[in-house]
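Asks: Based on what follows, work out the 3D shape:
(chains A, B, C and D)
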There are 2 protein chains.
Amino acid sequence: MKDLSTTERGRDRPRTQDAIVAAAKRLLADHGFEKWGVNAIARSAGCDKQLVYRYFGGLDGLAEAIGRDVAADLESALSAKAVPTPDSYAALVASLLDAFIDVLRDSLLMQRIIAWELSAANPLTLGFAKARGDALARWIGRIKGDLSPPPGIDAPAFNAILIAAIQHLTLSATASAGFAGISLQSEAEWQRVRAAIRHLVSTVFKSA
Amino acid sequence: MKDLSTTERGRDRPRTQDAIVAAAKRLLADHGFEKWGVNAIARSAGCDKQLVYRYFGGLDGLAEAIGRDVAADLESALSAKAVPTPDSYAALVASLLDAFIDVLRDSLLMQRIIAWELSAANPLTLGFAKARGDALARWIGRIKGDLSPPPGIDAPAFNAILIAAIQHLTLSATASAGFAGISLQSEAEWQRVRAAIRHLVSTVFKSA
DNA sequence: GTCAAATATCACCGTATGGTGACATCCGCA
DNA sequence: TGCGGATGTCACCATACGGTGATATTTGAC
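Replies: Residues are numbered from 1 along each chain as shown, chains lettered A, B, ... in the order given. As a prediction, this is how the structure comes out:
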């Protein structure tokens, strides 16, 4: 659970930086943002905390680096779930949401960051939110093609509602194993949610 | 921002207890659960922290008392939004969600507690979640009458999705002023969300 | 080989935290 | 009046935190 200490691997700034970032991510994913601090990170990275200040300018800079990483990971993970060019706006949204469920459920780190964003509003968390939002927007733009939502429907509002729901259910599943009486432990139980979302998307975007 | 200190109001255990609970609620609502601790609470209540241990058995007991309070507040606030006996399941759900938006947006304390539940899973937060869930269930049972969801529809899943969305949007509005590109500052912007939810509920529960 | 810069470590500061035992003060009851 | 329990205060502990200045060690250029 701990990288080689700097003494046992020689002096190598890039490697040390990587070790620090890796340790910081691991700690954030494992224990959340409450216990997240220079002391714990340096301890876990096997180096002196001074280096966190020298190489990243403190926690803020480190968090910024992590934010960039996570946004990039998100984008590539989404791209890997190659959504074939959809043939309707409803299909686009449906596959988008499905892929997002996969990626988010898979990334404890991203879940922690979202929880952090919901708990505190500081420059750090705002930066996280922006980086993720941008990555998501880029991906959507890429697969969107020339599809556009049916008229008479407030697509941005609907999409926001569904993405919000997915984030909340995912976080709640991790923290409390479920939400509002429905358990969210197994893949089967998540299939129920996926089915409901698909149904929702298709009925709403076809009612125009 | 601070109650009368115990010295200036004489010895009065019930009043002191109330002052502690009030201070604890205020601090939680104002600064979130990260800065929440015996020291800050006692300081803000104007009494010695020892009393927190004596009267509540520490932070856990205090949190439990707050959880009960908040659940009761939730229930009575929801009841105050007198939802006239609805005439269809769709109408029931629609008015339920609308009332829930009002109440949650109104209670910074409840928002903090939800954020806490999403960030950490300890006996405390699980207790919170249970108390709120029970209060909600009681209220629903009271106004439900003999209505039941249309067949062929996974109502629990749909309801969970929509409640999750509302909680997430509310928390996100408080923390980051918006979500997924849509701003959630003014009542007008919330009307957009409300309209989308109403639309969603009516099309889904009538498509059976 | 020398010397300076880059890298890494160490020791320390002030502050805050959760928690506890000993003490002071007040009130009601005998 | 005195006594005992309830109420409230205080001083202190160990621990952890973020942050910084001084120092040691290695590397690479000359």
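Asks: CA only for contacts and neighbour counts going forward, please
Replies: Noted.
Asks: Residue numbers of chain A in contact with DNA strand D?
Replies: A:10-11, A:35-40, A:49-50, A:53, A:58-59 (C-alpha under 7 Å from any atom of the strand).
Asks: Just the buried positions in stretch A:37-49, please.
Replies: By 16 or more other C-alpha atoms under 10 Å in any protein chain shown, the buried positions in stretch A:37-49 come out as A:38, A:41-49.
Asks: Out of those residues, which is nearest to A:Trp139?
Replies: A:Ile41 (32.0 Å; C-alpha to C-alpha).
Asks: Roughly how far does that closest one sit from A:Pro123?
Replies: Applying C-alpha to C-alpha, to the nearest Å, the value for A:Ile41 to A:Pro123 is 20 Å.
Asks: what do you get for A:Met110?
Replies: 17 Å.
Asks: Pick out the residue in chain A sitting closest to chain B.
Replies: A:Ala165 (4.0 Å; C-alpha to the nearest C-alpha).
Asks: show me what contacts the closest residue to that residue other than its chain neighbours?
Replies: Once flanking residues are discounted, A:Ala165 sits nearest to B:Ala165: 4.0 Å by C-alpha to C-alpha, 6 or more residues apart in numbering or on different chains. Counting by C-alpha atoms under 8 Å, 6 or more residues apart in numbering or on different chains, B:Ala165 makes contact with A:161-166, A:168.
Asks: Inside helices: which ones of these?
Replies: Using DSSP state H, A:161-166, A:168 are the members of these that sit in helices.
Asks: can I get those residues in a markdown table with distance to DNA strand C and pLDDT?
Replies: Below are the ones in helices among the contacts of B:Ala165 laid out as a markdown table (distance: C-alpha to the nearest atom of the strand, whole Å; pLDDT from 0 to 100):
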| residue | distance to DNA strand C | pLDDT |
| --- | --- | --- |
| A:Ile161 | 36 | 97 |
| A:Leu162 | 37 | 97 |
| A:Ile163 | 34 | 96 |
| A:Ala164 | 31 | 97 |
| A:Ala165 | 32 | 98 |
| A:Ile166 | 32 | 98 |
| A:His168 | 27 | 98 |
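Asks: Are any of those buried, and if so which?
Replies: Buried among these by 16+ other C-alpha under 10 Å: A:161-166, A:168.
Asks: where do the strands sit along chain A?
Replies: Assigned by DSSP state E, chain A shows strands spanning A:178-179, A:182-183.
Asks: what pLDDT, on average, does the first one get?
Replies: Averaging pLDDT along strand A:178-179 yields 90.
Asks: Let's have the strands of chain A in TSV, adding mean neighbour count and distance to DNA strand C.
Replies: Formatted as TSV, these follow (neighbours: other C-alpha atoms under 10 Å in any protein chain shown; distance: least, C-alpha to the nearest atom of the strand, whole Å):
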stretch	mean neighbour count	distance to DNA strand C
strand A:178-179	20	28
strand A:182-183	15	31
